[in-house]
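Participant: The sequence isn't on hand, but the structure is:
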């Protein structure tokens with residue numbers, strides 16, 4: 001356990017290096033290690049102006065997460081993040097990595113309603129994939145919330161709202 005903690009500490013130090021080659025090398029190690037505890041550091045690096053190569057490496061790591069615990073950590077980071085560009089990349093990673101986000105549908109509805117068209121489209125995809133066996137009351141509540149927010153939605157996102165309502169309606173369990 002102490003060795004694993006030391007390894008994580010070394011990875012963290014490498015991620016925050018001022019040398020981009022060290023950062024990229026460390027990102028490769030993070031990819032191989034598969035540790036969920038480093039997801040907040042990856043988001044932090046996205047906020048830092050590290051260049052497209054580092055951003056692309058981080059996106060590749062997040063897009064290929066395989067451990068379900070990573071979904072919990074990713075949503076926790078999303079809840080605390082304020083940067084729209086970072087949020088967009090994280091939400092995109094959520095649908096690309098294919099983990100189960102069914103416990104977080106309401107979080108993705110928040111993101112769907114709050115952010116731009118591209119982020120909303122990615123959030124819609126996560127929601128669609130996360131509602132395989134939806135609870136009737138929760139789904140009705142979500143549909144009502146979307147309908148209530150329809151007037152506050154910009155014209156370019158309004159069709160997405162209708163699409164998400166349609167998707168959720170078709171996933172409703174039959175009474």
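Facilitator: Ah, there it is. Since we're looking at a predicted model, the values are computed, not measured.
Participant: For residue 158, which residues are in contact?
Facilitator: residue 150 (CB atoms under 8 Å, 6 or more residues apart in numbering). Bear in mind the C-beta positions are built from the backbone N, C-alpha and C, glycine included.
Participant: Give the buried residues for stretch 27-45.
Facilitator: By neighbour count on 16 or more other CB atoms under 10 Å, the buried set for stretch 27-45 is 27, 30, 35, 38, 39, 40, 41, 42, 43, 44, 45.
Participant: The second one contacts residue 10, doesn't it?
Facilitator: Yep, that's residue 30 we're talking about. No: applying CB atoms under 8 Å as the test, residue 30 and residue 10 come out as separate, 10.9 Å apart.
Participant: remind me which residues of this protein are low pLDDT?
Facilitator: Regions of the chain meeting the criterion pLDDT under 70 cover residues 1-6, 173-175.
Participant: Which parts of it are strands?
Facilitator: Remark: no strands are assigned in the chain by DSSP state E.
Participant: max-length helix in it?
Facilitator: helix 155-171 (DSSP state H).
Participant: Contacts only, for the residue nearest the centre of the chain.
Facilitator: Closest to where the C-alpha atoms of the chain average out (CA atoms, centre = their mean) is residue 91, at 3.2 Å. Counting by CB under 8 Å, 6+ apart, residue 91 touches 78, 108, 111, 115, 119, 122, 123, 126.
Participant: Okay, and which of these map to helices?
Facilitator: Taking DSSP H as the definition of helices, the contacts of residue 91 contribute 78, 108, 111, 119, 122, 123, 126.
Participant: ok so, going back, Serialize the buried residues of stretch 27-45 to JSON lines and add fields for distance to residue 146.
Facilitator: Converted to JSON lines, the buried residues of stretch 27-45 look like this (distance: CB to CB, whole Å):
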{"residue": "27", "distance to residue 146": "37"}
{"residue": "30", "distance to residue 146": "37"}
{"residue": "35", "distance to residue 146": "36"}
{"residue": "38", "distance to residue 146": "34"}
{"residue": "39", "distance to residue 146": "29"}
{"residue": "40", "distance to residue 146": "30"}
{"residue": "41", "distance to residue 146": "34"}
{"residue": "42", "distance to residue 146": "31"}
{"residue": "43", "distance to residue 146": "27"}
{"residue": "44", "distance to residue 146": "32"}
{"residue": "45", "distance to residue 146": "34"}
